[in-house]
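Colleague: Got a sequence here, can you build the structure:
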Amino acid sequence: MRTIEHWINGSLVPSTSGRTGPVYNPATGEQQAEVGLASVAEVDAAVAAAKAAFPGWRSTSLSRRAEVMFNFRSLVVEHRDEIARLVSIEHGKVPSDAAGELARGIENIEFACGIPAMLKGGYSEGVSGGVDVYSIKQPLGVVAGITPFNFPAMVPMWMFANAIATGNTFVLKPSEKDPSVALLMADLLKQAGLPDGVFNVVNGDKAAVDRILEHPDIEAVSFVGSTPIAQYIYATGTANGKRVQALGGAKNHMVVLPDADIDMAADAAVSAAYGSAGERCMAISVVVAVGGVGDRLIEAISERLPRLKVGPGTDPTAEMGPLITREHRDKVASYLESAPSQGATVVVDGRTADVPSEGFFLGVSLIDNVKPGMASYDDEIFGPVLSVVRVDTYDEAVDLINRHQYGNGTAIFTRDGGAAKAFQFEIKVGMVGINVPIPVPVAYYSFGGWKASIFGDSNIYGPAGVDFYTRTKTVTSRWPDPATSSVDLGFPRTR
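Modeller: Numbering: from 1, shown residues only. Sure, this is the predicted structure:
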């Protein structure tokens, strides 16, 4: 049985806690590795290495930091097939989803390569007699990231690329369900020229998380995951004096107006709902059919579903893989069991689909006549289940979305520019797509929702990420006027 270790101070370190967790291949259901679960002492060792490395890394020139990030980007591209393979065998993503995840992660490395331009401060000369004022951005120190299972490559890159480029040192606690990608990235960072101790990986569970949140030498914590855990991370971290960015769950709606291109909307709904088996926080989980568009839309989506091939990541033709664990698959299936008794209609039932018998597979599902108050509407299912809510008017659709507890992402499909403009103005959601089903911002913007989808006010990556990992210092200075000073400058004064 393969053992997955920690990465501390530039090398692999075996776990000494005596506790381990299973790592499965979701496509076969077989355990393929054991991951060591960090003790408090092991977290402390990683933090100590990061703290010791901070002074040297902070004083490293911006050009050298950018060079390391450029080198890292080249190595990630060179090893992209290996990284994607690890994502597939531990998470279950099919090749197209794994490649897409990696491409979006690389965007964040590329953004961090431009760090010299983003750390420029302001300067005001002569604000008073002989007085200048200027601002500089400085790193925080040791920072940490706690990342989810569903994007084991991309989400860590959302965090550590900016954190390291701005001069911080980093401790990553990846999901214990698919931890191997984090260790490969640690090795690539070392090959890129990153000094030992600047990037560390501790695998673990709640014990490791709690120590990160309590550790006095960690200045800031970044988190992406479910809303209950995000709320816990934010409350505990801030109570211990840390900066915290905590991104939580979602229930993303896609509004389809009667004037929309139905084929375009149906294609978008299928790819956005079932890609990565629905295990992504920006997946479309509710289609809001406005007016008389519902029957046509349901028919168009339904006729596409039999063509969607479900299979393992080893199958290059597979379009959707398994779910992460058997327990999660069964939980997702339970929503199909309860939907009819709550008044909904199961149009396509993934429990009866022709999927591999081994592993944690569930077919795609479509539920019609869903209403607020039903479990399939209120909960974040996080699986390949798409619900359809029917409303009569555009205003009802907006009100429905604005009343939901989550506000991560949303989309509208329409040919009406006025409706699209009104939607982006009126909707209480952090990321909006107009004829785009999954509006994840490019890396030079920032990612973040509203309401119960975020705790605190800091979005992640992009400009918000640079701000999160730096402090602004303002300097007011006075020097003698060289034109009038009696100090011997060693050269003649001229006016």
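
Colleague: C-alpha from now on. contacts and neighbour counts both.
Modeller: OK.

Colleague: the strands in the stretch 101-250 of the chain, which residues?
Modeller: Secondary structure of the stretch 101-250 of the chain by DSSP state E, counting those that start in this stretch: the strands cover 123-128, 131-139, 142-146, 169-173, 199-201, 218-224, 243-247.

Colleague: go on, the stretch 251-400 of the chain?
Modeller: 252-256, 284-290, 345-348, 365-368, 385-391.

Colleague: I'd like to know which elements the last one is packed against.
Modeller: Going back to what we said before, that points to strand 385-391. helix 262-274, strand 284-290, strand 365-368 (3 or more Cα pairs under 8 Å, 6 or more residues apart in numbering; DSSP states H and E).

Colleague: Just the mean pLDDT for it, thanks.
Modeller: For strand 385-391, the mean per-residue pLDDT is 98.

Colleague: Return the distance of that strand from the chain's centre.
Modeller: Its chain's average C-alpha position is 25 Å from that of strand 385-391, according to Cα atoms, centre = their mean, to the nearest Å.

Colleague: Can I get that strand in CSV, CA atoms only?
Modeller: Provided in CSV are the C-alpha atoms of strand 385-391 (Å, rounded to 0.1, in the frame of the first residue of the first chain):
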residue,chain,number,x,y,z
VAL,A,385,-28.4,16.2,-10.3
LEU,A,386,-30.1,19.1,-12.2
SER,A,387,-33.3,20.6,-10.9
VAL,A,388,-35.8,22.6,-12.9
VAL,A,389,-38.0,25.3,-11.3
ARG,A,390,-40.7,26.8,-13.4
VAL,A,391,-41.8,30.4,-12.9
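
Colleague: Specify the angle between it and helix 262-274 in degrees.
Modeller: Counting by axes from the mean of the first three to the mean of the last three Cα atoms, to 10 degrees, strand 385-391 lies at 130 degrees to helix 262-274.

Colleague: Now do strand 385-391 against strand 252-256, angle only.
Modeller: Angle, strand 385-391 to strand 252-256, by the same axes, to 10 degrees: 50 degrees.

Colleague: quick revisit: and the helices and strands packed on strand 385-391, which is most packed in?
Modeller: Stretch with highest mean neighbour count among those: strand 284-290 (a mean of 27; mean count of other Cα atoms under 10 Å).

Colleague: For it, give the mean pLDDT please.
Modeller: Across strand 284-290, the average pLDDT comes to 98.

Colleague: Contact partners for Lys51?
Modeller: 141-142, 169, 197, 217 (Cα atoms under 8 Å, 6 or more residues apart in numbering).

Colleague: What residues sit buried inside the host helix or strand of it?
Modeller: Assessed by DSSP states H and E, Lys51 sits inside helix 40-58. Neighbour counts over helix 40-58 (16 or more other Cα atoms under 10 Å) mark 40, 42-54, 57-58 as buried.

Colleague: Closest to the centroid, which residue in the chain?
Modeller: Val155 (4.0 Å; Cα atoms, centre = their mean).

Colleague: If we ignore the residues flanking it in sequence, what's nearest it?
Modeller: What sits nearest to Val155 in space, not counting adjacent residues and going by Cα to Cα, 6 or more residues apart in numbering, is Thr147, at 6.5 Å.

Colleague: Burial check on that neighbour, number of neighbours?
Modeller: Thr147 has 24 neighbouring residues, counting by other Cα atoms under 10 Å.

Colleague: Distance check, it against Glu396.
Modeller: 36 Å (Cα to Cα, to the nearest Å).

Colleague: and this structure, what are its domains?
Modeller: As given by automatic domain parsing, the domain ranges for the chain are 2-248+453-476, 252-434.

Colleague: and the gap between the residue nearest to the centre of the chain and Asp378?
Modeller: Separation of Val155 from Asp378 (Cα to Cα) stands at 26 Å.

Colleague: do the same with Asp315
Modeller: For Asp315, the distance to Asp378 - Cα to Cα - is 34 Å.

Colleague: next one: Lys421
Modeller: Lys421 is 27 Å from Asp378, by Cα to Cα.

Colleague: And those two? Which one has more around it.
Modeller: Shown here are Lys421 and Asp378; by other Cα under 10 Å, Asp378 has more neighbours (15 against 11).

Colleague: where does that one land on pLDDT?
Modeller: 97.

Colleague: Report the separation between the residue lying closest to it once chain neighbours are set aside and Asp349.
Modeller: The spatially closest residue to Asp378, leaving aside those adjacent along the chain, is Pro372, at 6.4 Å (Cα to Cα, 6+ apart). Remark: distance between Pro372 and Asp349 (Cα to Cα) = 21 Å.

Colleague: okay, these two: which has more neighbours?
Modeller: Asp349 (17 against 12).

Colleague: from memory the more buried one sits against Gly363, does it?
Modeller: Yes: counting by Cα atoms under 8 Å, Asp349 touches Gly363, with 7.4 Å between them.

Colleague: Hey, what's the angle from the helix holding Lys51 to strand 218-224? Just curious.
Modeller: 110 degrees.

Colleague: buried residues in the next helix or strand after helix 40-58?
Modeller: Using DSSP H and E, the next helix or strand after helix 40-58 towards the C-terminus is helix 62-78. By neighbour count on 16+ other Cα under 10 Å, the buried set for helix 62-78 is 62, 65-76.

Colleague: could the strands of the stretch 101-250 of the chain go into JSON lines alongside mean pLDDT?
Modeller: Below are those laid out as JSON lines (pLDDT from 0 to 100):
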{"stretch": "strand 123-128", "mean pLDDT": "94"}
{"stretch": "strand 131-139", "mean pLDDT": "97"}
{"stretch": "strand 142-146", "mean pLDDT": "98"}
{"stretch": "strand 169-173", "mean pLDDT": "98"}
{"stretch": "strand 199-201", "mean pLDDT": "98"}
{"stretch": "strand 218-224", "mean pLDDT": "98"}
{"stretch": "strand 243-247", "mean pLDDT": "98"}
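
Colleague: can you list the ones you listed in TSV and add mean neighbour count?
Modeller: Formatted as TSV, the strands of the stretch 101-250 of the chain follow (neighbours: other Cα atoms under 10 Å):
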stretch	mean neighbour count
strand 123-128	11
strand 131-139	17
strand 142-146	27
strand 169-173	28
strand 199-201	30
strand 218-224	26
strand 243-247	27
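
Colleague: Out of the ones you listed, which gets nearest to Arg415?
Modeller: Arg415 sits nearest to strand 243-247 of all the strands of the stretch 101-250 of the chain, at 32.2 Å, using Cα to Cα.

Colleague: Just the helices from the stretch 351-495 of the chain, written as ranges.
Modeller: In the stretch 351-495 of the chain, the helices defined using DSSP state H, counting those that start in this stretch lie at 375-378, 394-403, 417-426, 462-468.

Colleague: Could you say which of the ones you listed is packed most deeply?
Modeller: helix 462-468 (a mean of 22).

Colleague: now that helix: how far from the chain's centre is it?
Modeller: Distance, centroid of helix 462-468 to centroid of chain: 14 Å (Cα atoms, centre = their mean).

Colleague: next one: stretch 380-396
Modeller: With Cα atoms, centre = their mean, you get 23 Å for stretch 380-396.

Colleague: Next: stretch 238-253.
Modeller: 12 Å.

Colleague: Check stretch 16-36 too.
Modeller: With Cα atoms, centre = their mean as the basis, the mean position of stretch 16-36 lies at 23 Å from the chain mean.
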